[in-house]
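Student: Following is a predicted model, sequence given first.
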Amino acid sequence: MPKDSIQVRATASVANVSCGFDCIGYAITNPGDTLTISLKNKPGIDISLSGPKSDSISTIAEKNTAGKAILSLLNTIASDQGFMVKIKKGIPPGSGIGSSAASAAAAVVGANELLGKPLELNDLLVHGMAGEAVASGGFHADNVAPALFGGIILIRSYEPLDILNLPVPKSLFSTAILPDFVVNTRDARRMLPKRVPLNSAVEQAGNLAGFTLGLHANDFELLGRSMVDLFAEPIRAELIPGYHGVRNAAIDAGAIGSGISGSGPSLFALSDSEEKAESIGKAMVKAFKKVGLKSRTFSSPIHSIPPEILD
């Protein structure tokens, strides 16, 4: 019997991963957004929200990442089916760990399921990106692709869209730290230069190549020395109180590499064991505390699966 309601959970993600601005991201196990999506008899999308800082998010479908993603899907399949969408935010907006992407990914997976799966999972990405654009002001996939597919994703090209799954070493762990501080994604993108020097572009290309090769070769030392960003982090670091101290604390605690997650204020670190990932998190919390910021950490292996249908 076809369902008329579904609950879907999509997880947070780390974008850029230092050397992969707008083209690399990976999924983490926690936190996550949970959406309850129900069919309704009339066209239109009704949205309600709960969870941390959810009062800052629009409930107008065109201005909501989940609503816009579903509208994009409906437009493609020429459907006027209506939905009720209840969004329980586990990822605060403005956190830098893919809050808008998680809602968009869960929305398109849930709506597609209720509609009888007219689209394959790969075909849902462009609709998730349309939702993401509401928050970021641009079409990019380095959060929504990991949230939708799981794992570590490389966006080789946007025109045409070409998404590649990178190998995930078994002993690779992530630590993400979320300070009690907000950075607006649109504002953080506006700060970035329109052009970068040729030598910086060449060095960044080398870092990106080294990082992807490090994943294939299970070479953590290569990963670490490749995790340098010459595009965004030097500018965005100034937005995050205590950034350099927190990053140094992660490296001193044994991180392979560390940097800003997306546009911030969250930072991330990669490590080679669960125990080390947790120790790194504690060190980063202490470093943020020194500048007067409370924070919380999320340590896990790389999350490897698409959004989970809970019922």
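Tutor: On my side now, so go ahead.
Student: shouldn't Gly82 be in contact with Lys40?
Tutor: Yes. Between Gly82 and Lys40 there is a contact under Cβ atoms under 8 Å: 4.2 Å. C-betas here are computed from N, CA, C, even on glycine.
Student: anything in contact with each of the two?
Tutor: Asp46 (Cβ atoms under 8 Å, 6 or more residues apart in numbering).
Student: Kindly list the single helix or strand of this protein that scores lowest on mean pLDDT.
Tutor: Lowest on mean pLDDT, DSSP states H and E among the helices and strands of the chain sits helix 185-190, with a mean of 78.
Student: List the contacts of that one.
Tutor: Contacts of helix 185-190 (Cβ under 8 Å, 6+ apart): Gly94, Gly96, Ser100, Ala135, Ser136, Gly137, Gly138, Arg236, Leu239, Gly262, Ser263, Gly264.
Student: Put together a markdown table for the residues you listed, with pLDDT on each row.
Tutor: What follows is the contacts of helix 185-190, written out as a markdown table (pLDDT from 0 to 100):
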| residue | pLDDT |
| --- | --- |
| Gly94 | 89 |
| Gly96 | 93 |
| Ser100 | 95 |
| Ala135 | 83 |
| Ser136 | 76 |
| Gly137 | 75 |
| Gly138 | 75 |
| Arg236 | 93 |
| Leu239 | 91 |
| Gly262 | 93 |
| Ser263 | 91 |
| Gly264 | 93 |
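Student: Who wins on neighbours among these?
Tutor: Gly96 (31 neighbours; other Cβ atoms under 10 Å).
Student: any idea what it is structurally, helix, strand or coil?
Tutor: coil (DSSP: H, G, I helix; E, B strand; the rest coil).
Student: Touching, it and Tyr243? I think so.
Tutor: No. Using Cβ under 8 Å, Gly96 is not in contact with Tyr243, being 11.8 Å away.
Student: and for those two, which residues touch both?
Tutor: Taking Cβ under 8 Å, 6+ apart as the criterion, Gly96 and Tyr243 both touch Ile260.
Student: show me what contacts Lys88?
Tutor: Contact analysis of Lys88 by Cβ under 8 Å, 6+ apart lists Asp33, Thr34, Leu35, Thr36, Ser50, Gly51.
Student: Among these, give me the pair with the biggest separation.
Tutor: Based on Cβ to Cβ, the longest span within the contacts of Lys88 runs between Thr36 and Gly51 and measures 12.5 Å.
Student: from what I can see, Ser72 looks like it's in a helix, true?
Tutor: Yes. Membership of Ser72 in a helix is supported by three-state DSSP.
Student: Just to check, it is in contact with Gly131?
Tutor: Yes. If you go by Cβ under 8 Å, Ser72 and Gly131 touch, sitting 7.0 Å apart.
Student: more neighbours, the two?
Tutor: Gly131 (26 against 20).
Student: The more buried one in helix, strand or coil?
Tutor: helix.
Student: quick one: it from Ile70, how far?
Tutor: For Gly131, the distance to Ile70 equals 8 Å [Cβ to Cβ, to the nearest Å].
Student: Mutual contacts of those two, please.
Tutor: Common neighbours of Gly131 and Ile70 (Cβ under 8 Å, 6+ apart) are Ala107, Val108.
Student: Three-state assignment for Cys19, please.
Tutor: Strictly by three-state DSSP, Cys19 counts as coil.
Student: Number of residues surrounding the nearest residue to it once chain neighbours are set aside?
Tutor: In this structure, Cys19 finds its nearest non-sequential neighbour in Asn207, 3.8 Å apart by Cβ to Cβ, 6 or more residues apart in numbering. Taking other Cβ under 10 Å as the neighbour definition, Asn207 ends up with a count of 19.
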